[in-house]
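Q: Sequence and predicted structure below; questions after.
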Amino acid sequence: MLKACISRAVTLVPLILIVWFISAKPATAEEESGTTIPAESRPCVDCHAFEFMQRALQDLKKTAYNLDSRTETLLFKVEKRTLCDCLAANALN
């Protein structure tokens, strides 16, 4: 009888400790330091995403403007070269 109680205790005590460790809430660094920032003062994730997308859109607009101006410059150079070649060819004839 005593052996049966001891064998049950030997198997139940580690099982109870394992269940207790699993169910215990782990302490996080925020809880220990006491520097939790209230949710009202933190910007939401959507605000960060909106700001990121706004900056990306501004960068795209700048890039598009730069490409447009470079394209115009190249077109002017081509037109100038064509016009100069045309004038030179007409001057020779």
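A: Here it is on my side, so go on. Numbers count the residues shown, from 1 in each chain.
Q: Rounded mean pLDDT for the host helix or strand of V13, please.
A: Assigned by DSSP states H and E, V13 belongs to helix 2-23. Taken as a whole, helix 2-23 has a mean pLDDT of 69.
Q: Could you check how far Q54 is from T63?
A: 15 Å (Cβ to Cβ, to the nearest Å). Any C-beta I mention is one placed from the backbone N, CA and C, and that applies to glycine too.
Q: Please read the previous query as pertaining to R70.
A: R70 is 11 Å from T63, by Cβ to Cβ.
Q: ok, now L74?
A: Distance from L74 to T63, by Cβ to Cβ: 16 Å.
Q: how deep is K62 tucked in, by neighbour count?
A: By other Cβ atoms under 10 Å, the residues close to K62 number 10.
Q: what's it sitting at in phi/psi?
A: Note on K62: its backbone torsions stand at phi -60, psi -40 [degrees, to the nearest 10].
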